[in-house]
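A.B. asks: Provided below are the primary sequence and the corresponding predicted coordinates.
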Amino acid sequence: MLLLTLLLGAPAAAALVWAASGWVWLWPVSIVLLIAWAGGLAFFRDPERVVPAESGIMVAPADGRVVETVDLDYHPDIGGPARRISIFLSVFDVHINRSPCDGVVRLMRYEPGRYLDARDPESGRVNEANTIVIEPDDPSDGLVVVRQIAGLIARRIVCNLKVGDRVRRGQRIGLIKFGSRTELIFSASSPYRPSVQVGEISRGAVTIMARREPAGHPAQDTSASARV
């Protein structure tokens, strides 16, 4: 806490010096510096997380705000209808990405692209992205996809996995630098249903994003928009 106070105090101290020197016009610069400084400190955090031990769940692959839960008529990596939950990461969020489930990495695919604002639904389709396809330990769960998507400010996607790697629920799998979008996608025919709503805040490895429902349980529509 002391270190954070000292670091955040640097731009504030500069503002006081500029004010004492009569350089009042530099106050806006100090404010921008303070925001950028605080954002940078927040971005580089890598907190330890306690992963829920509950069975039959998928946890959040990222910190941020849920901006979309939608049903898809078809997703190429799933090979059929799918459900997608999208998380927007601001520059103040922790940017470590984590595995939503236990399983084995079956596919890794990097896609160059544009840098639309990560809050734009189109960003998931046209922006630079890295796709990770995980085969869960239970075959009935179907494939699970995590997509790391660069945003307006983000310019580098990092992923430390390779095909064949085993991952654990909540395990660190990479990061996206400075504002981005992370998507969790799973088969619509799987027993899992989204357990979050648009607008909720997620915490990577902690927030339960989807929960396995008992056989015969009526499906609930949590989509934020029509099927696409």
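C.D. replies: Arrived safely.

A.B. asks: Phi, psi for the spatially closest residue to Pro100 that is not a sequence neighbour please.
C.D. replies: Spatially, and ignoring its direct neighbours in sequence, Pro100 is nearest to Met58 (4.1 Å; C-beta to C-beta, 6 or more residues apart in numbering). Heads up, the C-betas are built off the backbone N, CA and C, glycines and all. Torsion angles at Met58 (phi, psi; degrees, to the nearest 10) stand at phi -120, psi 130.

A.B. asks: Kindly report the same for Val126.
C.D. replies: Torsion angles, degrees, to the nearest 10, at Val126: phi -110, psi -10.

A.B. asks: in the top strand by length along the chain, what counts as buried?
C.D. replies: Taking DSSP state E as the criterion, the chain has its longest strand at strand 64-75. Applying a neighbour-count criterion of 16 or more other C-beta atoms under 10 Å, one finds Gly64, Arg65, Val66, Val67, Glu68, Thr69, Val70, Asp71, Leu72, His75 buried in strand 64-75.

A.B. asks: Please identify which of these is nearest to Ser180.
C.D. replies: Ranked by distance to Ser180 (C-beta to C-beta), the buried residues of strand 64-75 are led by Gly64 at 8.6 Å.

A.B. asks: quick one on the thing from earlier: what would the buried residues of strand 64-75 look like in TSV with pLDDT and distance to Val146?
C.D. replies: Output for those, formatted as TSV (pLDDT from 0 to 100; distance: C-beta to C-beta, whole Å):
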residue	pLDDT	distance to Val146
Gly64	96	14
Arg65	97	17
Val66	97	15
Val67	95	16
Glu68	94	15
Thr69	96	15
Val70	96	16
Asp71	97	18
Leu72	97	15
His75	97	13
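
A.B. asks: if I look at Gly80, how far off is Ser190?
C.D. replies: From Gly80 across to Ser190, the span is 10 Å (C-beta to C-beta, to the nearest Å).
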